[in-house]
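Asks: Coordinates for the following, if possible.
(chains A, B, C and D)
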Protein chains: 4
Amino acid sequence: MKPVCLVIGAGAGIGGSVGRKFAQEGYHAVLCRRSDGEGLEAMVAQIQNEGGDATGFLLNAAEPDVLEDRIAQVERDIGPIEVVLFNLGAQIGDRALADTSYKQFELGWRLATFALFRVAQSVLPAMVERGHGTLLVTSATAAVRGNGGQHSHAAAMGGRRMLCQSLNAEFAPKNVHVAHVLIDGAVDAPDTLGRMLGEETFEKLREARGKDKDGLLLPEKMAETYFHLAQQHRSAWTHELDLRAFSDLAWWNHR
Amino acid sequence: MKPVCLVIGAGAGIGGSVGRKFAQEGYHAVLCRRSDGEGLEAMVAQIQNEGGDATGFLLNAAEPDVLEDRIAQVERDIGPIEVVLFNLGAQIGDRALADTSYKQFELGWRLATFALFRVAQSVLPAMVERGHGTLLVTSATAAVRGNGGQHSHAAAMGGRRMLCQSLNAEFAPKNVHVAHVLIDGAVDAPDTLGRMLGEETFEKLREARGKDKDGLLLPEKMAETYFHLAQQHRSAWTHELDLRAFSDLAWWNHR
Amino acid sequence: MKPVCLVIGAGAGIGGSVGRKFAQEGYHAVLCRRSDGEGLEAMVAQIQNEGGDATGFLLNAAEPDVLEDRIAQVERDIGPIEVVLFNLGAQIGDRALADTSYKQFELGWRLATFALFRVAQSVLPAMVERGHGTLLVTSATAAVRGNGGQHSHAAAMGGRRMLCQSLNAEFAPKNVHVAHVLIDGAVDAPDTLGRMLGEETFEKLREARGKDKDGLLLPEKMAETYFHLAQQHRSAWTHELDLRAFSDLAWWNHR
Amino acid sequence: MKPVCLVIGAGAGIGGSVGRKFAQEGYHAVLCRRSDGEGLEAMVAQIQNEGGDATGFLLNAAEPDVLEDRIAQVERDIGPIEVVLFNLGAQIGDRALADTSYKQFELGWRLATFALFRVAQSVLPAMVERGHGTLLVTSATAAVRGNGGQHSHAAAMGGRRMLCQSLNAEFAPKNVHVAHVLIDGAVDAPDTLGRMLGEETFEKLREARGKDKDGLLLPEKMAETYFHLAQQHRSAWTHELDLRAFSDLAWWNHR
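Replies: Coordinates of the predicted model:
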């Protein structure tokens, strides 16, 4: 039976590309996303056409029991989860404090912080029992510095990062690898950044960033590093790294 | 009319001591805490006996509208809030992931992160309109590094710190000073640490830390720095500082 | 006999203002700077005219033995050094890697890192023996993030900060307070920033930053916080804080 | 002609293992170390026996012109340097301030900070001209937090990290990748850790850390991540990551 790579947040950007990479490398990719069933089916079909194994589920992570039940079902019906990619975002764009509603602020926490806690509680015990496993957590610059208009996003991502560090202390000695992946730049993802900007503006941004259109973070290239993290030998684990395009200034270099 | 110093989380440790310091310096101290009405009355009486002005309220910050309504009422009935000390803690002691309930994790966020967001939304607009004001936020080591058993506390405090940094960007140019005060050691507070440890153990700890019983953070000494922050001229503001006893190792020095 | 506050780097900005503040509060200010004997004399005279005690020395910190000998002489002839302000800068402006000479890079280290090591070795043992003392270290944003053109400055300041943290571990338990003060903005200092920009540009910058000319860090206001640090009770010490004007974006808020 | 991977600090631990990995993957490994010509020859022979290309040089990085001349000679006689691993350490063990000599403190800087600056100045212009290149910098926990007895090491490594960040800003947009690799644990390296501890103690430590002797950082496993960094597509570069064994507590988890 193939080991399972479970992706929570399998959009057309990072989540889908990482799932596909793991499928190409011999994992059964279980792809979960909130909406766009058609897009999900296309993604599953693409992986299968390439000779890989994939299953897709729609799932609203903000709802109770949904993550817990799905994890239990996958373990029971598909196979032991060897790798989880937790890839839920909570970016709502820049909003002044007065324009950030209580509801948005809470939803940011539910998706970016609490959902990770729920996933960790649901999946880590089985990994500990099996003696191995990997939890890859996509994160954002907002996890290391708050910024103007980022009240909701930064609070949620800051919580996410500190939770990862707490998980490191408890689970590394039990041979479960938790890694915090800090995405420090714009990702070339049509269904998040693209939708936010509109098709035309998005295309202009891609072109402005470099003639090879690699001035945005390319998800299929990012997937190489996600996969590498999951393959690191336990004597040399990375708990935190950053990713950005060559043309992005690192967050510490802005002025 | 005296300027108001509003303390959210006015226990017998930091909160009460800072409130008293501001009262001694000419502020009307408005002390809010969740329970122990008798303790609160005693605190108010002590300040008044010293010639200061103080008012006390019981208040459960986890409940909706309570913070918002209290802030509105204080502004209306007592006076313009010049300084807020946000001093709610969310420490539940070290607990393994499996022993941290969803309810605890959520409550940690409600008190440590969301309540600060609510207070900021309620009080900062009036400060902006008046052209000045200060929000002092007590925080903890867990805001800068997660640790074993700190899943709930670290996630909540990490969110708190990133929120403060977002507030800095929006409100400093509007002349409102938000400062994040990182408490990196055990505080000599009978009704938090003392209650957690039990009277006897607490007394032993105090003695073990130094013959002058100043090897724990003494709240009345900490209050000096909180007060200093609120008096800094706007050309030289501190947005983050740490506090610890001489006998504490800084968190970065542990090994 | 008055306690001594020794200032290494007593220009017309932070160094001179902090020295004057300590003199006003009852310390004997010993002011050391590299050049401008006239400026130094004027500074000493101003403090004396205000009823304070001050002595001035010219001193090139890049030369061997000079710091060591001066500290020994002050301890012997003027009095026990209670507070040291280490205030040497090493900013050379933004320079591309190719335009940064080996000599400049080494001088940056000599002034910003090695001179602090020498001062610490020379003065801390006497403080330990006396059972108290304070070492205040002015530092810069470059100590927490490297940036374009800052190869020399950032390397030197990064070393300075890590040295301070090592000193914390060894000397705090011995009741000697070492504090790292991160200046995160432009200082209203005529003989450093002013000279670098030229008089006219400097004046324009001051005006641009706010009608009250307090949009730059005002040294005499900064001195309040330096003094506060040296007065903190040992049960509540700050090891690191930042200072910036209300109109400056914190370094983490830049984008 | 094979691309060159130049290793500055090619001992039997990280440096040698990374060089061998790159040789296995088609690079010409140029291995430079200070002493033990026999060990160096054996390392070169091993790589050649595996079918790879390698050349070895003895070199004292503390001396003037040595790094500069070697880089020029390699570019001229062996081939274009595609990857540099800067792997010089400067650990002298824990020493109290009074036991750290000026000479040691300066040597730490010469090896850990200044030598990197010299290498960067010597090799980056050619990479910029060719339009690509990678500089991998081994670093240590001491680069992010000072600690007791680490006065020299922390000052040197803190400078190293800030220099890397300055290089990021200038060279990433020019398609040259500089990555700071933070080693946060003991490395299974016989000729550094082994020599420091003595053979018997070293063997005991290896056994104590796990039955598979993988509780220390294994250099040949670390080499996988170094190689991965050099292969990252420029749209998804990592500028900083950490490495530690599963059984090590991350530095932020110590208490």
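
Asks: you'd agree A:Gly26 is up against A:Cys5?
Replies: No - with contact defined as Cβ atoms under 8 Å, A:Gly26 does not count as touching A:Cys5 (9.6 Å). In this view, the C-beta of every residue, glycine as well, is placed from N, C-alpha and C.

Asks: For A:Phe57, which non-adjacent residue is spatially closest?
Replies: Nearest residue to A:Phe57 in three dimensions, chain neighbours excluded: A:Cys32, at 4.8 Å (Cβ to Cβ, 6 or more residues apart in numbering or on different chains).

Asks: Kindly report the same for A:Phe86.
Replies: Counting by Cβ to Cβ, 6+ apart, the residue nearest A:Phe86 is A:Val137, at 4.8 Å.

Asks: Then the one you found would be within a strand, right?
Replies: Yes - looking at A:Val137 with DSSP: H, G, I helix; E, B strand; the rest coil, it is inside a strand.

Asks: Report the beta-bridge partners for it.
Replies: A:Phe86, A:His180 (DSSP bridges).

Asks: if I read this right, it contacts A:Val178, doesn't it?
Replies: Yes - using Cβ under 8 Å, A:Val137 is in contact with A:Val178, at 7.0 Å.

Asks: Based on its surroundings, how many neighbours for A:Glu50?
Replies: Look at A:Glu50: counted by other Cβ atoms under 10 Å in any protein chain shown, it has 11 neighbours.

Asks: likewise A:Asp69?
Replies: A:Asp69 is surrounded by 12 other residues when neighbours are defined as other Cβ under 10 Å.

Asks: who's in contact with the host helix or strand of it?
Replies: Under the criterion DSSP states H and E, the helix or strand holding A:Asp69 is helix A:66-77. Residues outside helix A:66-77 that contact it (Cβ atoms under 8 Å, 6 or more residues apart in numbering or on different chains): A:4, A:6, A:8, A:30, A:32, A:57, A:59-61, A:81, A:115, A:118-119, A:122-123, A:126.

Asks: send the alpha carbons of it over as PDB?
Replies: Written as PDB, here are the backbone C-alpha positions of helix A:66-77 (Å, rounded to 0.1, in the frame of the first residue of the first chain):
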ATOM      1  CA  VAL A  66     -14.800  17.900   9.300                       C
ATOM      2  CA  LEU A  67     -11.000  17.600   9.600                       C
ATOM      3  CA  GLU A  68     -11.100  15.000  12.300                       C
ATOM      4  CA  ASP A  69     -13.500  12.800  10.400                       C
ATOM      5  CA  ARG A  70     -11.700  13.100   7.100                       C
ATOM      6  CA  ILE A  71      -8.400  12.200   8.700                       C
ATOM      7  CA  ALA A  72      -9.900   9.100  10.400                       C
ATOM      8  CA  GLN A  73     -11.600   8.100   7.200                       C
ATOM      9  CA  VAL A  74      -8.400   8.400   5.200                       C
ATOM     10  CA  GLU A  75      -6.400   6.400   7.700                       C
ATOM     11  CA  ARG A  76      -9.100   3.700   7.700                       C
ATOM     12  CA  ASP A  77     -10.000   3.500   4.000                       C
END
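
Asks: I'd like to know how far the nearest residue to A:Arg20 once chain neighbours are set aside sits from chain B.
Replies: Nearest non-adjacent residue to A:Arg20, counting by Cβ to Cβ, 6+ apart: A:Ile47, 5.5 Å away. Taking Cβ to the nearest Cβ, to the nearest Å as the measure, A:Ile47 falls 32 Å from chain B.

Asks: List the contacts of A:Ile47.
Replies: A:19-20, A:23, A:29, A:53-54.

Asks: how about the strands in chain A?
Replies: A:4-8, A:28-33, A:53-58, A:81-86, A:133-140, A:176-183, A:240-243 (DSSP state E).
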